[in-house]
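Participant: I need the structure of the sequence given here:
(one chain, ligands or ions: 1)
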Amino acid sequence: MDSAALWQRYQDWLYYHEGLQFYLDVSRMRFDQAFVEKMEPLLEKAFKDMDALEGGAIANPDENRMVGHYWLRNPQLAPTPELQTEIAKTLKDIETFAQKVHAGEIHPPGTSKFTDIISIGIGGSALGPQFVAQALAPIFPPLQIHFIDNTDPTGIDTILTKLDDRLSSTLVLVISKSGGTPETRNGMIEVKTAYESKGIDFAPHAVAITGKGSNLDKIAQSQGWLATFPMYDWVGGRTSEMSAVGLLPAALQGIDIRQMLAGAKEMDDATSKHLLRENPAALLAISWYFAGNGKGEKDMVVLPYKDSLLLFSRYLQQLVMESLGKEKDLDGNTVYQGIAVYGNKGSTDQHAYVQQLREGVPNFFATLIEVLEDRSGDSPEVEAGVTSGDYLSGLLQGTRKALYENQRDSISVTITQVNPRIVGALIALYERAVGLYGFLVNINAYHQPGVEAGKKAAAAVLDLQGRVMQVLKETSVPLSLSDLADKAGAPEEAEAIYKIVRHLQANQRGVVLQGDLGKPSSLKVVKG
Ligand code: PA5
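Facilitator: Next comes the predicted model:
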């Protein structure tokens, strides 16, 4: 296509949302009219499925759950008056709690104000809050947030050491929908232990965000934690940013959560339309379908040209891959669906992997995110008539053009500023696009059996570790790995046991390996 035809295609396909000052450009995805016509009936069905989901259908059949994240920003959509009231009440409770913390009406024992937050959670209970904190928190927020999103002891130590003398004025949010995720539980126990070792009472510093009746809920109630906020059964982890999971940390950091909700609602209104060209989520979903042939054959590279949106790619990685990466479709056929997502930020990545994007294996499509306003206030010139922001803009345009010229497709999202309203809108946009795409390829986008399988496998390893330690406790002679495996009742697990004892030895946990560490079969395991 020559440049005049491309300019025309740009104008033909440009989507603009006036209220949100949001642009979506799919003109550099090379689909044609025949593709659009082929997609229309599929899309119409996906729209209807999405309407049913919004209306309270059991859209997550495996877990027999409704999927109601849309109700969080428009409670009137919720299927019962009780739910509508509960959503509104939780929002009010979050605002009141944050206001009281800011005003010092809720404060830690012996100190006038909370200064910091430790947020403990993982996956959907961490990625949204992390993205929003980076995108929107003021440079000097009323409370500084720190995340523990892993069971890595060194990572936990880093946060605890950094906060050391501020622990007494740190509010601890423990976020887990199920209330039983081991990484989150471990983080909570380690943080509680750190408080106790300093003689600080943990409960007046601790807040739970969790499902009613979960283990975490029970712990919070029985120990008299400062507060508990609900996580609803009908909101999935990766779509929970507009529930207490995302809103409480945001409000505590001084982020305008009403604006986030308003932006998400505006986007929901736009993306519930049944017309492709008037629905940006549908435009994204069919573009993804086109790129990967409805089978995820191409990866999605997300490149926001704005430092504060750095974590958007990581947030989307989970939203898209945990939702769409499924072995079975809704009819039980083996389909191995998904779209791989990665990215970081422009122009930084132009000095890293964009070389491969431009010239190497063409197994991706890009999503470029542009923010029109460079900064608040004037910019100095870095060359005559040119600012740093002009460079950023030029580099984005240049990358889009260079990719296209080399047969690499891209989608461009343009926003005016990074503010709470547009961040809410972006979250809502991608939530809907993932939902629509899930329906287009006939999979359940709202469960995560693979994650559960990983958790079970980890529990089995820890169970084996327990048996190994028991055998060693009862044995006084050195044992080979295969003898140890036999005695632990797991003769096929010699490799797993080798890894367990190697880890125990490295941490001086009463196990010593004798022999050549590079030749596991020669090793003897002894107590020590
Ligand atoms: O999106 C999801 O459902 C998951 O990523 C969960 O958020 C994650 O496993 C953490 O679960 P929970 O909030 O129950 O601790």
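Participant: how close does Gln318 sit to the ligand?
Facilitator: 6 Å (C-beta to the nearest ligand atom, to the nearest Å). For glycine as for every other residue, the C-beta is placed from the backbone atoms N, C-alpha and C.
Participant: Return the residues of the stretch 251-400 of the chain in contact with the ligand.
Facilitator: Listed as neighbours of the ligand in the stretch 251-400 of the chain under the rule C-beta under 6 Å from any ligand atom: Glu322.
Participant: tell me the mean pLDDT for stretch 382-390?
Facilitator: Averaging pLDDT along stretch 382-390 gives 98.
Participant: Buried residues of it, list them for me.
Facilitator: 387, 389 (16 or more other C-beta atoms under 10 Å).
Participant: Check stretch 135-145 too.
Facilitator: Quick answer for stretch 135-145 (16+ other C-beta under 10 Å): 135-137, 141-145.
Participant: Which residues outside it are in contact with it?
Facilitator: 101-102, 114-119, 129, 133, 171, 249-250, 252-255, 308-309, 311-312, 418-420, 423 (C-beta atoms under 8 Å, 6 or more residues apart in numbering).
Participant: How about the closest residue to the ligand within the chain, nearest residue that isn't a chain neighbour?
Facilitator: Nearest residue of the chain to the ligand: Gly237, at 2.2 Å (C-beta to the nearest ligand atom). Setting aside the residues directly before and after it, Gly237 is nearest to Gly124 in space (C-beta to C-beta, 6 or more residues apart in numbering), at 2.3 Å.
Participant: Please work out how many residues are found near that neighbour.
Facilitator: Per other C-beta atoms under 10 Å, the neighbour tally for Gly124 reads 27.
Participant: Kindly report the same for Ala457.
Facilitator: 9.
Participant: can you check Glu495 too?
Facilitator: Neighbour number of Glu495 under other C-beta under 10 Å is 11.
Participant: Roughly how far does it sit from Ala458?
Facilitator: 16 Å (C-beta to C-beta, to the nearest Å).
Participant: Could you list the contact residues of the stretch 101-250 of the chain toward the ligand?
Facilitator: So far as C-beta under 6 Å from any ligand atom goes, the stretch 101-250 of the chain lies against the ligand at 122-125, 176-178, 181, 184, 236-238.
Participant: Can you tell me which of those end up in strands?
Facilitator: Secondary structure of these is defined by DSSP state E; positions in strands are Ser176.
Participant: Return a PyMOL selection command for the buried portion of the contacts of stretch 135-145.
Facilitator: A single PyMOL command selects the buried members of the contacts of stretch 135-145 (16+ other C-beta under 10 Å):
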select buried, resi 101+102+114+115+116+117+118+119+129+133+171+249+250+252+253+255+308+309+311+312+418+419+420+423
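Participant: about what we covered before: quick one: buried ones out of the residues of the stretch 101-250 of the chain next to the ligand?
Facilitator: So, by 16+ other C-beta under 10 Å, the buried ones in those are 122-125, 176-177, 181, 184, 236-238.
Participant: Pop out the phi and psi values for Glu241.
Facilitator: phi -60, psi -30 (degrees, to the nearest 10).
Participant: give me the number of residues near the residue lying closest to it once chain neighbours are set aside?
Facilitator: Nearest in space to Glu241, with sequence neighbours left out and distances taken as C-beta to C-beta, 6+ apart, is Gly128 at 3.3 Å. By other C-beta under 10 Å, 29 other residues sit near Gly128.
Participant: which residues does the nearest residue to Lys455 once chain neighbours are set aside contact?
Facilitator: Leaving aside its chain neighbours, Lys455 sits nearest to Pro182 (7.4 Å; criterion: C-beta to C-beta, 6+ apart). Pro182 sits next to 151, 455, 458-459 when contact means C-beta under 8 Å, 6+ apart.
Participant: Just the ones in strands from the buried residues of stretch 135-145, please.
Facilitator: Judged by DSSP E, the buried residues of stretch 135-145 include 144-145 as members of strands.
Participant: distance between the ends of stretch 510-517?
Facilitator: 17 Å (C-alpha to C-alpha, to the nearest Å).
Participant: about what we covered before: contacts only, for the residue nearest to Glu241.
Facilitator: Contacts of Gly128 by C-beta under 8 Å, 6+ apart are 238, 240-241, 245-246, 315, 427.
Participant: Please state the mean pLDDT value computed over the strand or helix carrying it.
Facilitator: Here Gly128, judged by DSSP states H and E, is contained in helix 127-136. Averaging pLDDT along helix 127-136 yields 98.
Participant: can you offset everything so residue one is 9?
Facilitator: Shifting the count to begin at 9 puts that one at helix 135-144.
Participant: export the contacts of Gly136 to a markdown table and tack on pLDDT and secondary structure?
Facilitator: Output for the contacts of Gly136, formatted as a markdown table (pLDDT from 0 to 100; DSSP: H, G, I helix; E, B strand; the rest coil):
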| residue | pLDDT | secondary structure |
| --- | --- | --- |
| Arg246 | 96 | helix |
| Ser248 | 98 | coil |
| Glu249 | 98 | coil |
| Val253 | 98 | helix |
| Gly254 | 98 | helix |
| Tyr323 | 98 | helix |
| Ile435 | 98 | helix |
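Participant: Show me which of those is closest to Val362.
Facilitator: Tyr323 (20.8 Å; C-beta to C-beta).
Participant: Tally up the residues packed near the residue lying closest to the closest one once chain neighbours are set aside, please.
Facilitator: Leaving aside its sequence neighbours, Tyr323 sits nearest to Phe139 (C-beta to C-beta, 6+ apart; 4.1 Å). Phe139 sits with 26 neighbouring residues when counted by other C-beta under 10 Å.
Participant: What of the one 3 residues further on?
Facilitator: Gln142 is flanked by 18 other residues according to other C-beta under 10 Å.
Participant: Who are the contact partners of the residue nearest to it when sequence neighbours are not counted?
Facilitator: Once flanking residues are discounted, Gln142 sits nearest to Leu319: 4.9 Å by C-beta to C-beta, 6+ apart. Leu319 is in contact with 135, 138-139, 142-143, counting by C-beta under 8 Å, 6+ apart.
Participant: what does Ala293 give?
Facilitator: So Ala293 contacts 51, 54, 441, 444-445, 448 (C-beta under 8 Å, 6+ apart).
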